[in-house]
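Q: Structure for the following, please:
(2 chains)
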Amino acid sequence: MLSFYTFALFFLSLAGLLHAKSSDGDSVLVVVEEAQQKEFTLFFDGLREQGYELTFRGPKDEKPAVVEHDVPAFSHIIILASESKNFAKDITPQALVALLSGGSNLLIALSQKQTPMTSLAAEFSLILPPPNTPLVSFFPERKDSPSVIPIAAPASSLILSPKMSPIWFSGVAHALGSNPLLVPILNAPAESFAADSEGGADALVDATEKGGEGLWAGSQLSVVTGFQAVGGARVAWVGGTDMFSDKFMKKEVSKGVQSGNAKFARDLTAWTFQESLVLRIDSTTHHLVNSTTPLEQYTNNDNIVYTAGISRFNPKTSTWEPYSGIKDMQLEFTMLDPHIRTALPAVPGSPGKYSVTFRAPDRHGVFKFVINYKRKGWTHLHSSTTVAVVPPRHDGYPRFLSAAWPYYAGAISTSVGFFIFSAAWLAGGSRENKKGKAKAQ
Amino acid sequence: MPTAFPLPSDLSPATVSNTASLLRIVALALISGAAIASRLFAVINFESIIHEFDPWFNYRATRVLAAKGFYEFWNWFDPTAWYPLGRVVGGTVYPGLMATSGVIYNLLHALNLPVDIRNICVMLAPGFSALTAWATYMFTKEMKDESAGLLAAAFIGIVPGYISRSVAGSYDNEAIAIFLLMFTFYCWIKALKLGSALFGTLAAVFYFYMVAAWGGYVFITNMIPLHGLVLILMGRFTSRLYVAYSSWYVIGTLSSMQVPFVGFQPVSTSEHMAALGVFGLLQLVAFTQLVRSHVSSKQFQDLLLIAVVTTGLLGAAAFVGLTYAQKIAPWTGRFYSLWDTGYAKKHIPIIASVSEHQPTAWPSFFMDLQFLIFLFPAGVVLCFHQLRDEHIFVIIYAVMASYFAGVMVRLMLTLTPVVCVASAVAFSSLLDTYLDAAEPEEEVAEASGTAGTPAVASKKSKKAAPQAEAGNAFTDIVAAAASAKKGDSPKVKAIYGLDTRLAIIVNALGMLAFFVFHCTWATSNAYSSPSVVLASTNQDGSQHIIDDFREAYYWLRQNTPETAVVMSWWDYGYQIAGMADRPTLVDNNTWNNTHIATVGKAMSSSEEVAYPILRKHDVDYVLVIFGGLLGYSGDDINKFLWMVRIAQGVWPEEIQEPNYFTPQGEYRVDDKASRAMRESLMYKMSYYRFAELFGGGPATDRVRNQQVPKVGPTLDYLDEAYTTENWIVRIYEVRKEDLLGRDLKSANAFAKGKKRKRSKPLSRRRALL
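A: Purely as a prediction, here's the structure:
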């Protein structure tokens, strides 16, 4: 076990040496009461080792400003002041949502009490239990209070590293609404439920009488939830600050087994601060088959090649690397509705390139090449390029049609017939005249 | 020979005719000058600007034509119109107007006259009105004589009915089409008179030009066959008719099919079948004549008659059969609405919604034609007096055009030329009669009896026989009227003395003078407004220009990305494309009813319903016209019911017209307005923050004279982007989807600090019942 510990330390220090950085920037504002700062030294040190520059600020302090000259001063904000009833003007819920639209990432810890963050959580489609009802669980049997719960890490998760030790948690759980932008990260244990810490299982009994209505219980609840805003900004909602505390990080899950809290905190911040699972579309081009220049308009039934280049951020080297790992991306050729929807597979041999060749529909209009790739956890990819599809030019149609031969034959025969008739008429007419004259004479 | 006033007698006939032709040329030149000058009110009062709606598209297309050449224009696909459907402009436009301007533009530039294309477009209509005057002169000359022709030219030059469509800046198809109409008719009459294949071909060429220029060519397509048919039925079939018609029809039809927009219509749609049918009938009749000239027998002729009738019936049956089999397209809605004025209102609201498709109000006949309207029947009656082939044409034209002008306001335009021609014939007959100095001598009068013909014709009447005849015809009427009054007067019926003449002539000249005053007044006051720029009068009488439209379009042009899609009601589509250069959803080329209905639905639905429609069509800005502050009655709230009706035609379940009225059936915008009305996007956009303008006082909509509620509508899905000085144009920006995936209404509520109700976890278990 010691070896594991040293290994973890080694790994952390190595990571620190590498200075893994976020794709978004390194400045972090930590909003925390000054008195509580000491409780999270391990967490903060871990972040510093990753290369983040931490700035601390009390929830009611005015300085340092979050937004300076309309530009966000920090790339990421951690709000650990979960008990605070009042926040300074520039970190109210409305201001935080405005920050999200600017691309800042948030890590917000909730508490059992009714705070401004509670009402903000509702905007993210998180459904919080009534105040003062922490998550409790009587399993597994342990010495700690029922509201301090070890939660096993999910078996497979994009965001969390595999084989993580159970994580100590204490705080509130939340149910998830129907918002598709939510990314569940850590669910509550199946045996847990939200209740007054003293009330025991009364809440369960009450809820059962009501047919399960209003019951915050079971593994559908989440204790840590991510949220991927439309602009790309990420938000992590954590049920309580304790899971980042030194106490929980050092606390053993079972004898000799260090809790997974430190690693969890590392993974969670990596996702929230745009280190992991970050993709971007570098370029999109389109052109005709056997050509390389993109056109502003294509003709009906043209064969079009569409190519997209996609990179993934590598936090180890802080670089964007071409990424060919997406298997299920699709391209839509849309005018009001998708006229063509086709797979956009990676091109073997050229990393990061995805390409498809398709035939433009036999319909003119203003079309869009649309990539709309949304997978939970990953950065949403969206790209839309507008082109016009036009009917063939006046000289773009076939000149002679074999099907039209009856008409050609008709026109030609009529012309020839008219010519012969005219010739015959003129010749015959003069003869008749002569005859008539001869008769008259 | 007694004369009422002395005439110079020492003039040689050559001098007289030379002087007359010089005077004619000078008169025509002056008429052209007057025709052009009176159309310049628009430029002088306002500026050299393209007017109204359709001209903006024509202007934009002409710029493309001038910049890129004809082939690029022909293949022009406009991705900004009817977004995202696009419009194949080359195949859906009558290119004659643009091609004409393009040719003039290139010609002037070849002569090193760097004239701006806009000025060519603005001045095209006045220029062509001068040509119309000339064409009308030629046409009327065929009806009566040169003097009638000059009168007709003068009439058409300044008559408001034509000016209304051809002031400077009114760059529309009608601007050149009336000239082409008159000249085609002139060529047709000439071809018919002379039996000339040359003039028949000329008629066909100008017919082709007309087809390329205006959808109203169908009028010619049916007028000429109708004339031919009537002539055949009157037993006036001649080889001249045969030659003229055949050469016109064959060449005209073949060439008209070269216009991409027309394509195969001349052989596949009902509107063109009359021409084909008469062509076939002419061949049959010609064949019959041929046979009759060889074989003469009564039975045979009966047989032939039966054969002709059977063939005609068979042809009609085949036509009906083919229509049912959908080989021939049935008449379009616009045509049905010509026969049944209620048809459009019932079935095609989009046609009925256009003000110029409404039936004509009686006063507008007087407004547009003034004293011509009562000279017109007299002229038609005079045509009956001689009833040559060309007179029949005028009579048919008069009857048809009168009917159509009564059905649709815009068809007033086709009536105007025939009114001018007929009135000119009548007026010149009147002048001929009363200016003629000749008085009957007693003994000659006795000799000639009651015929009343002046035995000694004046020099003038010697010159042109038809003129004298026409004069006689009018004398007949006058004489008959006179004799009816005087009863047993022994005197020969004629005009004696100078006083009678002066009384009539002064009256007639007075009418002409009043006509000129009326035309000038109507032109300067009613028909010269560009409608892009509005004018009002200040209290001190000076003119105040209201330039909200251009202000708004310019704002769009300067402040929005070039790809920003603007949604508005279709009336403003061409203007937005022309002045703001932004993609539009619908425009005045109303080819896709569903797309227009989509816009109508978005405008008449609530925000929640409209928003997905807006997003689906990539709409960035919505533009509405609101006249409530200024009292501009042509605004969108007044057009709103048409949007509702058109949307209802496509989505009868979702949009219902009665919902937009109060329970009492009133159309209201005040606090009694119906719920659907108050929640509709159009209402909200029109009255958003309107009440604030009155600072707590009563907010009055000056168009509908109603007080709007003090608490105005709120908008969650749109942001006000721009409102012009007089609030005529209001532009709203469509919000993007919410960052957090909420609906924008609750996002807005959150931004305003409202707290959301606590929610509970979704119950995953169904209650057992």
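
Q: State the pLDDT value of A:Thr285.
A: Predicted confidence (pLDDT) for A:Thr285: 94.

Q: So in terms of bridging, what pairs with the closest residue to it other than its chain neighbours?
A: When the adjacent residues along the chain are set aside, A:Thr285 lies closest to A:Thr307, with 5.1 Å between them (C-beta to C-beta, 6 or more residues apart in numbering or on different chains). To be clear about C-beta, it is placed using only N, CA and C from the backbone, and glycine gets the same treatment. Assessed by DSSP bridges, A:Thr307 has beta-bridge partners A:Thr285, A:Ser355.

Q: Tell me the buried residues in the host helix or strand of B:Gly600?
A: Under the criterion of DSSP states H and E, B:Gly600 resides in helix B:593-604. Residues of helix B:593-604 classed as buried: B:593, B:595-604 (neighbour count, 16 or more other C-beta atoms under 10 Å in any protein chain shown).

Q: What residues does the stretch 101-250 of chain A have near chain B?
A: A:101, A:119, A:122-125, A:127-128, A:130, A:175, A:177-181, A:211-216, A:220-221, A:227, A:229-231, A:233 (C-beta under 8 Å from any C-beta of the partner chain).

Q: what about B:Gly149, which SS state?
A: helix (DSSP: H, G, I helix; E, B strand; the rest coil).

Q: if I read this right, it contacts B:Phe427, doesn't it?
A: No: look at B:Gly149 against B:Phe427 with C-beta atoms under 8 Å: they stay out of range, at 11.8 Å.

Q: More neighbours: which of those two?
A: B:Gly149 (27 against 24; other C-beta atoms under 10 Å in any protein chain shown).

Q: Tell me the spacing between that one and B:Leu382.
A: 15 Å (C-beta to C-beta, to the nearest Å).

Q: which residue is nearest the centroid of the chain?
A: Since no chain was named, I'll use chain A. Using C-alpha atoms, centre = their mean, the residue of chain A that lies closest to the mean C-alpha position is A:His380, 2.7 Å off.

Q: That one contacts A:Gly232, correct?
A: Yes: assessed by C-beta under 8 Å, A:His380 is found in contact with A:Gly232 at 6.9 Å.

Q: who are the neighbours in contact with B:Gly741?
A: Contact analysis of B:Gly741 by C-beta atoms under 8 Å, 6 or more residues apart in numbering or on different chains lists A:125, A:179-181, A:230.

Q: Tabulate the residues you listed (JSON lines), appending secondary structure.
A: Listed next are the contacts of B:Gly741 as JSON lines, based on three-state DSSP:
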{"residue": "A:Ser125", "secondary structure": "coil"}
{"residue": "A:Asn179", "secondary structure": "coil"}
{"residue": "A:Pro180", "secondary structure": "coil"}
{"residue": "A:Leu181", "secondary structure": "coil"}
{"residue": "A:Val230", "secondary structure": "coil"}
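
Q: Neighbours of residue 74, how many?
A: Going with chain A. 24.

Q: my bad, chain B
A: As a measure of burial, B:Trp74 has 18 neighbours, counting by other C-beta under 10 Å.

Q: Flag the shaky bits of the stretch 101-250 of chain A, pLDDT-wise.
A: The stretch 101-250 of chain A contains residues with pLDDT under 70 at A:197-201, A:203, A:207, A:210-214.

Q: Show me what the strand or helix carrying B:Trp642 is packed up against.
A: Element membership of B:Trp642 [criterion: DSSP H and E] is helix B:636-650. Under the contact criterion of 3 or more C-beta pairs under 8 Å, 6 or more residues apart in numbering or on different chains; DSSP states H and E, helix B:636-650 touches helix B:349-352, helix B:593-604, helix B:681-687.

Q: what's the next secondary structure element after the shortest one?
A: The C-terminal neighbour of helix B:349-352 among helices and strands, as given by DSSP H and E, is helix B:362-369.

Q: Same question for that next one: list its buried residues.
A: B:365, B:367-369.

Q: What lies in contact with the helix holding B:Trp642?
A: So helix B:636-650 is contacted by B:349-350, B:352-353, B:569, B:571, B:593-594, B:596-601, B:603-604, B:624-628, B:654-657, B:660, B:667, B:669, B:680, B:682-683, B:686, B:701, B:703-704 (C-beta under 8 Å, 6+ apart).

Q: Just the buried residues from those, in ChimeraX please.
A: Buried members of those, defined by 16+ other C-beta under 10 Å, are picked up in ChimeraX with:
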select /B:349,350,352,353,569,571,593,596,597,598,599,600,601,603,604,624,625,626,627,628,655,660,667,669,680,682,683,686,701,703,704
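
Q: Now for chain B, the helix or strand with the poorest mean pLDDT.
A: helix B:459-463 (a mean of 40; mean pLDDT, DSSP states H and E).

Q: Point me to the residue of the stretch 251-400 of chain B nearest chain A.
A: As assessed by C-beta to the nearest C-beta, chain A sits closest to B:Pro260 within the stretch 251-400 of chain B, at 7.7 Å.

Q: give me the number of residues near that residue?
A: When neighbours are defined as other C-beta under 10 Å, B:Pro260 has 17 of them.

Q: Distance check, B:Val218 against B:Ala27.
A: 34 Å.

Q: okay, the two: which has more neighbours?
A: Each of B:Val218 and B:Ala27 has its neighbours counted (other C-beta under 10 Å); B:Val218 has more, 21 against 18.

Q: show me what contacts B:Asp743?
A: Neighbours of B:Asp743 in contact, by C-beta under 8 Å, 6+ apart: B:Glu608.

Q: The same query, at a cut-off of 10 Å, please.
A: B:607-608, B:611, B:716-717, B:737, B:749 (C-beta atoms under 10 Å, 6 or more residues apart in numbering or on different chains).

Q: which of the residues you listed are close to chain A?
A: By C-beta under 10 Å from any C-beta of the partner chain, the members of the contacts of B:Asp743 lying near chain A are B:737, B:749.

Q: From what I see, B:Pro698 and B:Asp671 are in contact.
A: No: look at B:Pro698 against B:Asp671 with C-beta atoms under 10 Å: they stay out of range, at 11.4 Å.

Q: which residues are common contacts for these two?
A: What both B:Pro698 and B:Asp671 touch, as defined by C-beta under 10 Å, 6+ apart, is the set B:707-708, B:710.

Q: tell me the mean pLDDT for stretch A:262-273?
A: In the prediction, stretch A:262-273 has an average pLDDT of 92.

Q: what do you get for stretch A:311-320?
A: 90.

Q: what's the angle between the helix holding B:Trp642 and helix B:593-604?
A: 130 degrees (axes from the mean of the first three to the mean of the last three C-alpha atoms, to 10 degrees).

Q: Mind giving me the packing neighbours of the next helix or strand after helix B:636-650?
A: Going down the chain from helix B:636-650, the next helix or strand is helix B:675-679, by DSSP H and E. Judged by 3 or more C-beta pairs under 10 Å, 6 or more residues apart in numbering or on different chains; DSSP states H and E, helix B:675-679 is in contact with helix B:593-604, helix B:607-616, helix B:636-650, helix B:681-687.

Q: which element follows the shortest one toward the C-terminus?
A: Sequence-wise, the next helix or strand downstream of helix B:681-687 (DSSP H and E) is strand B:699-701.

Q: quick one: strands adjacent to that following strand?
A: strand B:706-708 (antiparallel).

Q: Follow the chain on from the strand it pairs with and name the next helix or strand.
A: strand B:718-723.

Q: Just the residues contacting that next one, thanks.
A: So strand B:718-723 is contacted by B:548, B:551-552, B:555-556, B:559-560, B:607, B:610-611, B:614, B:619-624, B:626, B:629, B:681, B:684-685, B:688-690, B:693, B:729-735, B:744 (C-beta under 10 Å, 6+ apart).

Q: hmm, 7 Å instead?
A: B:552, B:555, B:621-622, B:685, B:688, B:730-735 (C-beta atoms under 7 Å, 6 or more residues apart in numbering or on different chains).

Q: returning to that earlier point: and of the contacts of B:Gly741, the nearest to B:His518?
A: B:His518 has its nearest neighbour among the contacts of B:Gly741 in A:Val230, at 64.5 Å by C-beta to C-beta.
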